[in-house]
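> Quick check, what structure comes out for this input:
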Amino acid sequence: MTSTSCPAGPRRPGRRGVVMSAAALSAGLLFTGGTARAQARPAGGVTLRLPAPTGPHRVGTTTLYLVDRSRRDPWDPAFPVREVMATILYPARTVRGRPLAPHMTPGAAALFEQIDVHIHGLPPSGVDWAATTTHAYTDAPAQAVRRPVLLHSPGGADPRSMGTGLAEELASHGFVVVTVDHPGDASEVEFPATTAYRDRPWRTTVFRGDPRTDPPLERTMIETRRAVRCPTVSAGPSICGEWGATGTQPAAPRSPRPCTRTAVRPRRWCWRAI
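I've put the predicted structure just below:
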């Protein structure tokens, strides 16, 4: 009697590989608010891929560093000003010659691996958090039409990179989306540079547990997000302004200046989360 061996089937991934892929996919869902894909990289581990926007518009993005010198930081009395990092995503007129924006800055990605992975139960190693790119093009010129503006404020202790996929999706369908970090509240915020009152180019969260168990802490978190006031600009234009028919998007001034509008006769939009 002769025996015939069956051809070997595809090799199944080990349990660790399955767990890592599932955890990476879960991280992608946090960032996108929807579906996500994970791709293995031989050298750098797993790299997340954000879902491609489905709208008819290509997406541009610009980042703003805003400073309000009329108010002190609500979390640290040593900070004499209020600082905010914000990203604006919008329908682009053209993306030619513009690079894709990274999902997180290198410093934010490094801190994300130290902080957020523990908050959200993500793998502490094996994922290259800095390798993910978005589908938005850095400083691409905006379309010269009036657009509705949406403000995206992430959940408590979360950075503005959470929900990036959703913001890109909305921008691809014609919205201008402003995403904002809350320094001191957010798990990590990276700034363009150090200052006289901040000796590192980043800040991490003040929370050391669930703020809902500490009523004064929770109240401060809520009140700082409710404030409605135009900040004074330091290294970028005020986020309190307008996005109008000129297609003008904020451009960084060379010196501090007061809050101004950014276009002519458009729908007004105003900062509501500092």
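> Now for the chain, the helix or strand with the poorest mean pLDDT.
Ranked by mean pLDDT, DSSP states H and E, the weakest helix or strand in the chain is strand 267-269, scoring a mean of 33.
> Do I have it right that residue 221 meets residue 210?
No. Applying C-beta atoms under 8 Å, one finds residue 221 not in contact with residue 210, separated by 11.3 Å. Placement of C-beta: from N, CA and C, glycine included.
> quick one: which of these two has more around it?
residue 221 (21 against 11; other C-beta atoms under 10 Å).
> what helices or strands is the helix or strand where residue 113 lies leaning on?
Assessed by DSSP states H and E, residue 113 sits inside helix 106-114. Counting contacts by 3 or more C-beta pairs under 8 Å, 6 or more residues apart in numbering; DSSP states H and E, helix 106-114 is packed against strand 188-190, strand 202-204.
> how does it look with 6 Å?
Where contact means 3 or more C-beta pairs under 6 Å, 6 or more residues apart in numbering; DSSP states H and E, helix 106-114 is packed against strand 188-190.
> what does the strand it packs on contact?
Here strand 188-190 makes contact (C-beta atoms under 6 Å, 6 or more residues apart in numbering) with 85, 105, 107, 108, 111, 159, 181, 183, 202, 203, 204.
> now the fifth one: how far from residue 70?
Here the distance between residue 111 and residue 70 works out to 29 Å (C-beta to C-beta, to the nearest Å).
> Which residues are in contact with the closest residue in space to residue 138 that isn't next to it in sequence?
Nearest non-adjacent residue to residue 138, counting by C-beta to C-beta, 6 or more residues apart in numbering: residue 101, 4.7 Å away. With contact taken as C-beta under 6 Å, 6+ apart, residue 101 is in contact with 61, 134, 136, 138.
> and the first one, what element?
Read it as residue 61. strand 59-68.
> Check the second one too.
Assigned by DSSP H and E, residue 134 belongs to strand 133-138.
> So for residue 111 and residue 70, which sits in the more crowded spot?
residue 111 (22 against 12).
> Show me what the closest residue to that one other than its chain neighbours bridges to in the sheet.
Spatially, and ignoring its direct neighbours in sequence, residue 111 is nearest to residue 188 (3.7 Å; C-beta to C-beta, 6+ apart). Counting by DSSP bridges, residue 188 forms beta bridges with residue 204.
> Tell me the pLDDT of residue 188.
We have a pLDDT of 96 for residue 188.
> The one 4 residues further on too?
At residue 192, the pLDDT value in this model is 95.
> how about the nearest residue to it, chain neighbours excluded?
Spatial nearest neighbour of residue 192, chain neighbours left out: residue 65 (5.3 Å); criterion: C-beta to C-beta, 6+ apart.
> measure the one you found to residue 198 for me?
The spacing between residue 65 and residue 198, counted by C-beta to C-beta, is 12 Å.
> re the thing from before, number of nearby residues for the residue nearest to residue 192?
By other C-beta under 10 Å, the residues close to residue 65 number 16.
> Is it bridged to anything, and to what?
Assigned bridge partners for residue 65, using DSSP bridges, are residue 85.
> Quick check: it vs residue 84, distance?
8 Å.
> what's the answer for residue 199, then?
19 Å.
> Among those two, which residue is more densely surrounded?
Per other C-beta under 10 Å, whichever of residue 199 and residue 84 has more neighbours is residue 84, with 23 against 7.
> Residue 143 contacts residue 93, doesn't it?
Yes. The pair residue 143 and residue 93 passes the contact test of C-beta atoms under 6 Å, sitting 4.7 Å apart.
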